[in-house]
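A.B. asks: Show me the folded form of this:
(chains A and B)
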Amino acid sequence: MRSMGPPALEVSNLKTHFFTKAGIVKAVDGVSFAVAAGEILGLVGESGCGKSITGFSILGLVDEPGRIVAGSVRFKGEELTTASEERLRSLRGDRIAMIFQDPMMTLNPVLRVDTQMVEAVRAHRNINTAAAVHLARDALADVGIPSPEHRLKAYPHELSGGMRQRVAIATAFINKPDVIIADEPTTALDVTIQGQILAEAQALCARTGTAMIWITHDLAVVSSLADRIAVMYAGRIVETGRTADIVSAPLHPYTKGLIGSVPSHNKRGERLTQIPGMTPSLLNLAPGCAFRTRCSQATQMCLAEPELADVGADRAVRCFHPLLTEAGA
Amino acid sequence: MTLAAESSPATAQPAALAVETPLRRFLSDYFESWVATAALALLAIIVLLAIVAPWIVPQNPYDLAQVDVMESRLPPGEKHSVSGYTYWLGTDGAGRDLLSAMLYGVRISLTVGVLSGLIAMAIGATVGLIAAYAGGRVESLIMRVVDLQLSFPAILLALMLIAILGKGVDKIIIALVTVQWAYYARTVRGTALVESRKEYVEAARCLGLSHNRILMRHILPNCLPPLIVVATVQTAHAIALEATLSFLGVGLPQTEPSLGLLISNGFEYMLSGKYWISFFPGILLLLTIMVINLVGDQLRDVLNPRLRR
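C.D. replies: Have a look, this model is predicted:
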């Protein structure tokens, strides 16, 4: 499954369930993946498929009534699901950082940029404020912010959306973490800004050797960014593989549907293929393949539970009827 | 202050051009209303007079050597029989110069109101924050106590406490704090609940910051706008409540009269035409409470995002 040395983070058979009054919501139900240092993994899926909860589970920040019920999260070999809150807190923001979707909301509106960045450093390192400010300025420069001195003194509302997301990314990178979980960080931004942010993030990962999990619903975004892709559906990974393989020859009908839903110039005039229906409620999900109600390939067989089966090099799919494409599996 | 941040368009380009700081915006919004501006100016004058009272009053009303009982109940404009000093607002039943007594009275009233307000705010805000952040059983317990407290009439509770504790400035402050902390707790808890669901708190948790730091540095400052509004209104309430208690004779000692006590002292002479002993302190009390409330109203309008134009 890995392409670039030992994994910085390894998630196996992770199950995070929410115990609500209406029943058990299996938001994450047996997810496994690994990211190596310097690698970018794209975690793709529609809203509500459990991709964000996967991110929070890794950090041990699942709120009540949610709970990690099974599986393991290993950070450089260290088990995190059973780690103490104290240990997790020392890792958060230091070794494993997170970037959020909406930069308007993730910076505290009443604190200046430097205050927020300095506190991120000083929460984990015993250095004085001046040294921390120095680090913050370098971090801002690293993400392509012009005149970082000035920006440090600014309040979040004085910055544009793209600028704020750069600040958030700089804050995530400031402690040189081993793993960064980016939860749809470009969704709220303009397309042009999105492109710049993607390039900055990619360059930073390559330079610092940080492993990144890029959570998104937009296959187009990860196809130009990620080394590997894991496609999630209803709390499970339905297909994983190298980005090029997945984009050129999807095996799972859902992946194909996702790719078909991305408008592109060489398909102009054609109807966009769409996936009928919507993501099923994860509350009391019926057994069997969760995608079968929306799948064109579904048969009686799909009432049973398909396994994530290895098909070829670094490639796995959870389907009884994987698509046979001209590129081959 | 935070509200300016949320409502300002994200398209505001470079920071160097953004000259409108939250504070400046807040101030320009506040001074838009001339009533509020006048109220603030008047409040500033009253506070200033109260602060410098010991240095500007013609007579120290606490110094019995300076007070002459023979000079009691003189009407406004009457002159001191020996020194010839004019009693501009007359004298009270004990022969005190009413103007001096009033300035000292408003000093006591403001001190008691502001001190009890600050202490109640500190206690209430802490309790409210804990309730919001802890959640679950702790929150239920705290909020039921708050509900219970708020279901009592403030004056009744204060009277009961004074009856148990006895008279004195410190006792009055304890009583007022006990009556008031629940308002602050409820306000802060409500705001903190909203704030703690916001993403910047999640982001702060993801940075590995301690609970303490997240509460005090991130959530509390964002709770300030409603807290400031409640604080102004509650301070006015505290002053009124103290005046009521003093008027009923269970508040401050006779030797250190607050405005309420001065009103009470003059009350017995009202029917004999000696109106000024109660009237002038009454006007000052009314004015003080009114301007605080006006300032509070304007703060609420300026700090409330829903009332923004």
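
A.B. asks: Next up, the contacts around the most centrally placed residue in chain A.
C.D. replies: The centre of chain A sits closest to A:I215, judged by CA atoms, centre = their mean, with a distance of 2.3 Å. Applying CB atoms under 8 Å, 6 or more residues apart in numbering or on different chains, one finds that A:I215 lies in contact with A:L43, A:K51, A:S52, A:T54, A:G55, A:I181, A:A182, A:D183, A:E184. C-beta: built from backbone N, CA, C; applies to glycine.

A.B. asks: Check A:I99 too.
C.D. replies: Here A:I99 is in contact with A:Q165, A:A168, A:I169, A:A172, A:I180, A:I181, A:A182, A:D183, A:P185 (CB under 8 Å, 6+ apart).

A.B. asks: what is the residue nearest to the centre of chain A paired to in the beta sheet?
C.D. replies: Taking DSSP bridges as the rule, A:I215 bridges to A:L43, A:D183.

A.B. asks: what's the distance between it and chain B?
C.D. replies: Applying CB to the nearest CB, to the nearest Å, the value for A:I215 to chain B is 13 Å.

A.B. asks: Next one: that residue relative to A:V231, how far apart?
C.D. replies: Separation of A:I215 from A:V231 (CB to CB, to the nearest Å) stands at 12 Å.

A.B. asks: As a check, name the ranges of all helices in the stretch 1-150 of chain B.
C.D. replies: Taking DSSP state H, counting those that start in this stretch, the helices of the stretch 1-150 of chain B run over residues B:2-7, B:22-30, B:34-56, B:98-134, B:136-151.

A.B. asks: one step back: check the contacts of A:I99 and tell me the two furthest apart.
C.D. replies: A:Q165 and A:I181 (14.9 Å; CB to CB).

A.B. asks: Return the residues of the stretch 101-250 of chain B in contact with chain A.
C.D. replies: B:198-200, B:202-210, B:213, B:217-218, B:221-222, B:224 (CB under 8 Å from any CB of the partner chain).

A.B. asks: cutoff 6 Å now
C.D. replies: Contact residues (CB under 6 Å from any CB of the partner chain) of the stretch 101-250 of chain B with chain A: B:E199, B:Y200, B:A203, B:R205, B:C206, B:L207, B:G208, B:L209, B:H218, B:P221, B:N222.

A.B. asks: Name the nearest residue to the residue nearest the centre of chain B, sequence neighbours excluded.
C.D. replies: Centroid-nearest residue in chain B, with CA atoms, centre = their mean: B:T235, separated by 1.9 Å. Nearest residue to B:T235, sequence neighbours excluded (CB to CB, 6 or more residues apart in numbering or on different chains): B:G117, at 4.2 Å.

A.B. asks: what number of residues lie near the one you found?
C.D. replies: For B:G117, the count of nearby residues is 25 (other CB atoms under 10 Å in any protein chain shown).

A.B. asks: Please, which helix or strand holds A:P306?
C.D. replies: For A:P306, there is no helix or strand it lies in under DSSP states H and E.

A.B. asks: who's in contact with it?
C.D. replies: Contact analysis of A:P306 by CB atoms under 6 Å, 6 or more residues apart in numbering or on different chains lists A:C289, A:R318, A:C319, A:F320.

A.B. asks: next one: B:Y85
C.D. replies: B:Y85 neighbours (CB under 6 Å, 6+ apart): B:P58.

A.B. asks: care to break chain A down by domain?
C.D. replies: Per automatic domain parsing, the structural domains of chain A span A:7-95+A:177-317, A:105-174.

A.B. asks: Least reliable of those by average pLDDT, please.
C.D. replies: Of all the domains of chain A, the minimum mean pLDDT falls on domain A:7-95+A:177-317 (a mean of 86).
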